[in-house]
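Student: need a 3D model of the following:
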Amino acid sequence: MKPKISREEVERMLVTDAYFEKKHYPLKIFQTIVSLVGWLCVIAPFIWLLLPVLSPEKAWKNHLVVYKDELQTLKFLFVFLSVTFVVIAIFYIGLTIRNNFYFKNLLQKKVQYDEEQLEKRRQLLNEAFDVRFGPEAVRKEVCSYSVKEEQNLDTDFVRNLYKKGNVEL
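Tutor: Numbers count the residues shown, from 1 in each chain. The predicted structure follows:
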């Protein structure tokens, strides 16, 4: 039988991030600015290296001259980042294929529930519905059925029914 845990315990077990919660505006503004500055630091060297190559007349006015070292650096960065992208792509595609294989061939074929307990639960529910709403055959034959106010189910009806029948969730 699985132990019951409360919502608060689940929140303590899982990772939460205040950035994605409501409010916390100073935190959101600060983290957004930090991430934009970080991305600017990643992109700025490429712009600096590409500016003389793509627009030499503007670069000459700003006293930027294209040196062979810059072109070598640009080629190295291009090759390095291309290889890195390919390696990461292969790694993640491999992980996705492995995960899909595991899900399809192992998880879907493995029984994830106790069949005896499921049958007990079904029997308890059928008996309770028979008492409350009448026999199943009559319920299936009727085109429309109006539920009386006293027949409404409580919010914890099923949980209490399982407790009485010793078949906890």
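
Student: what residues of the lowest-mean-pLDDT helix or strand in the chain count as buried?
Tutor: In the chain, no helix or strand scores lower on mean pLDDT, DSSP states H and E than helix 56-61, which sits at a mean of 72. By neighbour count on 16 or more other Cβ atoms under 10 Å, the buried set for helix 56-61 is residue 59. Placement of C-beta: from N, CA and C, glycine included.

Student: now that helix - C-alpha only, PDB.
Tutor: Extracted C-alpha coordinates of helix 56-61, given in PDB (Å, rounded to 0.1, in the frame of the first residue of the first chain):
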ATOM      1  CA  PRO A  56      34.700  46.300 -44.000                       C
ATOM      2  CA  GLU A  57      33.900  50.000 -44.800                       C
ATOM      3  CA  LYS A  58      32.200  50.600 -41.400                       C
ATOM      4  CA  ALA A  59      34.900  48.700 -39.700                       C
ATOM      5  CA  TRP A  60      37.600  50.800 -41.400                       C
ATOM      6  CA  LYS A  61      35.900  54.000 -40.200                       C
END
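
Student: against which helices or strands is it packed?
Tutor: Applying 3 or more Cβ pairs under 8 Å, 6 or more residues apart in numbering; DSSP states H and E, one finds that helix 56-61 contacts helix 25-54.
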